[in-house]
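S.K.: Have a look at this prediction, sequence included:
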Amino acid sequence: MSKNKLFNFDIVTSTMNSIGTAWVFILLIIINLDIFSRFLFNSPIRGVPEVVSLSIVALVFMQIAHTLKVGRLTRSETLLNILKGKFPRLAAVLEGVFHLVGAGLFVILIQGSYPMFIKAWNIDEYVGAEGDFMAPVWPVKLIILIGSVVAVIQFLLLALRDFKRLGDSGLTQKVNEGGNN
């Protein structure tokens, strides 16, 4: 691929991951301030449980595409590693199918999440107690949608890479060598 691309999708995933990482540190500070406030002044900071619970969900979707891109998404690769050595083309096909199924699952997630976002936006849904602390829910629902769309794109890019590897001369060479043994 050319280094002079007009748009590099890695920038999107890395930026979302960086924002998520920064938010983890902010949460760390908020939680610790709440603990010290409870201990020292017997007065918790209002809204910390609500902010933390909303943030955990948002963080997952902010960082999932980058986790996928760098190969850190949890999966078992024992069989795949065996296949890569003996049948690299089959391994590439299976990885491509895995990535297509992942994209499909996130499309389903988008279809299910979009109405929830619209509802949260329209009814102005909040968490917390009125008069104490209230936080809107729609930003988290929007992050779920954005993160899911970015994950679909990342899954599709990985599937494309996997299927392009089928034409690699290196894979063909390994298959030919494997067939001669």
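M.R.: Done, it's in.

S.K.: hey, let's count contacts and neighbours off CA atoms from now on
M.R.: Fine.

S.K.: mind listing what's buried in the longest helix along the chain?
M.R.: Assignment by DSSP state H gives helix 88-122 as the longest helix of the chain. Within helix 88-122, the residues scored as buried using 16 or more other CA atoms under 10 Å are 88-89, 91-96, 98-103, 106-107, 110, 113, 116-117, 120-121.

S.K.: hey, which helix or strand in the chain has the poorest pLDDT?
M.R.: Lowest on mean pLDDT, DSSP states H and E among the helices and strands of the chain sits helix 169-180, with a mean of 48.

S.K.: Give me the spatial nearest neighbour of R46, chain neighbours excluded.
M.R.: Among residues not flanking R46 along the chain, F133 sits closest, at 6.2 Å (CA to CA, 6 or more residues apart in numbering).

S.K.: Quick check: that neighbour touching V48?
M.R.: No - using CA atoms under 8 Å as the test, F133 is too far from V48 to be in contact (9.3 Å).

S.K.: Name the helix or strand for the most centrally placed residue in the chain, please.
M.R.: Central residue of the chain (CA atoms, centre = their mean): I64, 1.2 Å from the mean position. With secondary structure defined by DSSP states H and E, I64 is part of helix 48-69.

S.K.: repeat for Q154
M.R.: Assigned by DSSP H and E, Q154 falls within helix 138-165.

S.K.: who touches stretch 22-37?
M.R.: Residues from elsewhere that reach stretch 22-37, judged by CA atoms under 8 Å, 6 or more residues apart in numbering: 43-45, 48, 52, 59.
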